[in-house]
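Student: compute the structure for the input listed below.
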Amino acid sequence: MEAIVYEEFGGPEVLRHTAGAAVPEPGPGEVRVKVAAVGVNPVDWKRRYGWVEGFYPTTFPAVPGLEFAGTVDRLGEGVTGLAVGDEVLGWTKTGAYAEYAIADIIVPKPAGLSWETAASLPVAGETAQRVLDLLGVRAGETLFLHGAAGVVGSVGVQLAVAAGVTVVGSASESNHAYLRELGAIPVAYGDGLADRVRAAAPDGVDAVFDAAGHGVLPVAIELLGGGGPGGEAPAKERKERIVTIADVEAEKYGIVFSGSLGDPEAVRAGLTAHARGAAAGTLAVRLADTLPLKEAARVQELSESGHVRGKLILIP
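Tutor: Reported below is the predicted structural model:
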């Protein structure tokens, strides 16, 4: 089968396109899917560098990619409720940058939902929902979301706004109109960020979701009552209302770093809801570009550049 494979950690050059990869076979409780579209995420190139082994250990040769949309091709022993030919989306166990992939966390793809949009939902939806649940944000509260115009951030904005939460979102000024469309109050990155957030939320911020990193955790601590003249930290229960998915120095600040997939049943339920929302037009993911699988190295370079607006999709 066609696949992208790498056999050592490194830059984009370690990715090899092959037409001769072995077709995987599903085990008990698994299905094999013929992949129609692959969602590209920053974690893909972070795994390629070997930076996230604590969350996603690698066995070589490895196929990149966590999320996909496609058609059920073969059922493993004990699988019920699915049939060959069913259109699905979900998470792969064997790597999504391939013609075929093995999965056990999948849900039906709603009719009318494009393959590209379907493949963009699993990681962004699960990550955004998991962090909002960890933060415990409730209707009437105010959330500061750093990196709000990214794919995870923009989904987080929409889920929070739909729950009655006021969202102040940081982004480059070129993305401020987009954030307003999603229902967020935009603020610019850079020096003076804490002051701009306070101006946008004069009654204060209840929680912080860091989806971008770039050293924002001291600002988050300051916004939740720490970092004053004496440099004091906020109380422990306040720090628990800061979660990052992007800053590996979280432990240094006593902040939660969330990077692991949640309970499978909760993940399926959330993905089902997000897919239905996307099909109904109540949840949107901005698509940046769609390219053939053989251009995976170039696509990962684009993702790593940080200058892409929206989701990158690969097509086997």
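Student: so how far does stretch 302-310 reach from one end to the other?
Tutor: 11 Å (Cα to Cα, to the nearest Å).
Student: can we start the residue count at 22 from this point?
Tutor: Shifting the count to begin at 22 puts that one at stretch 323-331.
Student: please state the offset of it from the chain centre?
Tutor: Averaging C-alpha positions (Cα atoms, centre = their mean, to the nearest Å) puts stretch 323-331 14 Å from its chain's average.
Student: what comes up buried for that stretch?
Tutor: Applying a neighbour-count criterion of 16 or more other Cβ atoms under 10 Å, one finds 323-325, 329, 331 buried in stretch 323-331. No exception for glycine: its C-beta is placed from N, CA and C like everyone else's.
Student: and those residues as JSON lines, adding pLDDT, distance to His295 and secondary structure?
Tutor: Output for the buried residues of stretch 323-331, formatted as JSON lines (pLDDT from 0 to 100; distance: Cβ to Cβ, whole Å; DSSP: H, G, I helix; E, B strand; the rest coil):
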{"residue": "Leu323", "pLDDT": "94", "distance to His295": "24", "secondary structure": "helix"}
{"residue": "Ser324", "pLDDT": "94", "distance to His295": "21", "secondary structure": "helix"}
{"residue": "Glu325", "pLDDT": "92", "distance to His295": "26", "secondary structure": "helix"}
{"residue": "Val329", "pLDDT": "87", "distance to His295": "21", "secondary structure": "coil"}
{"residue": "Gly331", "pLDDT": "93", "distance to His295": "17", "secondary structure": "coil"}
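Student: and the two most separated of those residues?
Tutor: Glu325 and Gly331 (15.4 Å; Cβ to Cβ).
Student: after the helix or strand encompassing Lys273 comes which helix or strand?
Tutor: Element membership for Lys273 (DSSP states H and E) is helix 271-274. Sequence order places strand 277-278 as the next helix or strand after helix 271-274, per DSSP H and E.
Student: so which elements touch that following strand?
Tutor: strand 263-265, helix 271-274 (3 or more Cβ pairs under 8 Å, 6 or more residues apart in numbering; DSSP states H and E).
Student: re the thing from before, ok, so of the buried residues of stretch 323-331, who is nearest Val100?
Tutor: Nearest to Val100 among the buried residues of stretch 323-331 is Ser324, at 32.8 Å by Cβ to Cβ.
Student: just the strands in this protein please.
Tutor: 24-26, 37-39, 52-61, 88-96, 108-113, 121-129, 163-167, 187-192, 206-209, 228-231, 263-265, 277-278, 308-313, 332-336 (DSSP state E).
Student: how about JSON lines for these, with mean pLDDT, distance to Ala287 and mean neighbour count added?
Tutor: Below are the strands of the chain laid out as JSON lines (pLDDT from 0 to 100; distance: least, Cβ to Cβ, whole Å; neighbours: other Cβ atoms under 10 Å):
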{"stretch": "strand 24-26", "mean pLDDT": "98", "distance to Ala287": "30", "mean neighbour count": "25"}
{"stretch": "strand 37-39", "mean pLDDT": "97", "distance to Ala287": "35", "mean neighbour count": "14"}
{"stretch": "strand 52-61", "mean pLDDT": "98", "distance to Ala287": "20", "mean neighbour count": "26"}
{"stretch": "strand 88-96", "mean pLDDT": "98", "distance to Ala287": "17", "mean neighbour count": "23"}
{"stretch": "strand 108-113", "mean pLDDT": "97", "distance to Ala287": "13", "mean neighbour count": "24"}
{"stretch": "strand 121-129", "mean pLDDT": "96", "distance to Ala287": "10", "mean neighbour count": "21"}
{"stretch": "strand 163-167", "mean pLDDT": "98", "distance to Ala287": "21", "mean neighbour count": "27"}
{"stretch": "strand 187-192", "mean pLDDT": "97", "distance to Ala287": "23", "mean neighbour count": "27"}
{"stretch": "strand 206-209", "mean pLDDT": "98", "distance to Ala287": "30", "mean neighbour count": "20"}
{"stretch": "strand 228-231", "mean pLDDT": "97", "distance to Ala287": "18", "mean neighbour count": "28"}
{"stretch": "strand 263-265", "mean pLDDT": "96", "distance to Ala287": "17", "mean neighbour count": "25"}
{"stretch": "strand 277-278", "mean pLDDT": "91", "distance to Ala287": "18", "mean neighbour count": "18"}
{"stretch": "strand 308-313", "mean pLDDT": "96", "distance to Ala287": "26", "mean neighbour count": "16"}
{"stretch": "strand 332-336", "mean pLDDT": "97", "distance to Ala287": "23", "mean neighbour count": "23"}
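Student: just put these in a markdown table and tack on distance to Val237.
Tutor: Formatted as a markdown table, those follow (distance: least, Cβ to Cβ, whole Å):
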| stretch | distance to Val237 |
| --- | --- |
| strand 24-26 | 32 |
| strand 37-39 | 36 |
| strand 52-61 | 24 |
| strand 88-96 | 26 |
| strand 108-113 | 28 |
| strand 121-129 | 31 |
| strand 163-167 | 5 |
| strand 187-192 | 8 |
| strand 206-209 | 12 |
| strand 228-231 | 6 |
| strand 263-265 | 8 |
| strand 277-278 | 13 |
| strand 308-313 | 23 |
| strand 332-336 | 23 |
